[in-house]
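A.B. asks: Give me a 3D structure for the following:
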Amino acid sequence: MINIIFEAHGTTFDNEAHLSSGHNDVALSPLGIKQSKEMGERYANDHFDAIFCSDLQRAYKSAEIGFGTKWPIIQDARLRECNYGDFTQNPSELVDTQKPLRINEPFPNGESYKQTTARMKSFLDDLLKNYQGKRIMIIGHRATQYGLDHLINGVPLEKLVTSHFKWQPGWEYTFEHYFKN
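C.D. replies: Numbers count the residues shown, from 1 in each chain. Predicted coordinates for the structure are as follows:
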């Protein structure tokens, strides 16, 4: 069994401008830096065997600011946000209308949510091999969480991509296997 705590990366300049970053490597805003410090404080008395994050700076900087060298921080490109292709840095309101259309069909010059979920499945396969009995944190993006909710909890992608995101201080997942789709 593996225990996962998922945390969303801190707020970015694109988030504040209501733009969808996708694979754009945008920096944390001052608010995002503050949120990352607060995340570290929330888990000051906790233990993680590793912290995984995407290789986009908004995720790995959130980890570094929050935890420094307290636990190993491992960057993994499979934990990236969806590649919005031609929709990258477009208004979030526009990208949100496209999400239900992009479950199977990729964003133009980007990827689909089935593809982002396949990345998460590959990541979870590696966790199952190497982190049994461990407690880890994942700092990621909406697509990262869609993959977790879909593969571990069996929530349909169609429901996930149309649900309103509501921030909370960490989501917990415990699993020994995931749903086969």
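A.B. asks: List the strands paired with the worst-scoring helix or strand of the chain on mean pLDDT, with their directions.
C.D. replies: Using mean pLDDT, DSSP states H and E, strand 171-175 stands out as the lowest-scoring helix or strand of the chain, at a mean of 91. Strand pairing for strand 171-175, determined by DSSP bridges: strand 2-8 (antiparallel).
A.B. asks: So what touches the next helix-or-strand element following the partner strand?
C.D. replies: Using DSSP states H and E, the helix or strand that follows strand 2-8 towards the C-terminus is helix 13-16. Residues outside helix 13-16 that contact it (Cβ atoms under 8 Å, 6 or more residues apart in numbering) are 20-21, 24, 26-27, 29, 31-32, 89. In this view, the C-beta of every residue, glycine as well, is placed from N, C-alpha and C.
A.B. asks: Could you look up the SS state of the residue located most distally from the centre of the chain?
C.D. replies: Here the centre of the chain is the reference, and by Cα atoms, centre = their mean the most remote residue is Asn45, at 23.2 Å. Of the three states, Asn45 takes coil according to DSSP: H, G, I helix; E, B strand; the rest coil.
A.B. asks: related to what we said a few turns ago, who wins for neighbours among the contacts of helix 13-16?
C.D. replies: Using other Cβ atoms under 10 Å as the neighbour test, the contacts of helix 13-16 are led by Ser20, with 24 neighbours.
A.B. asks: wait, that residue sits on Glu93?
C.D. replies: No: Ser20 sits out of contact with Glu93 when judged by Cβ atoms under 8 Å, with a separation of 9.2 Å.
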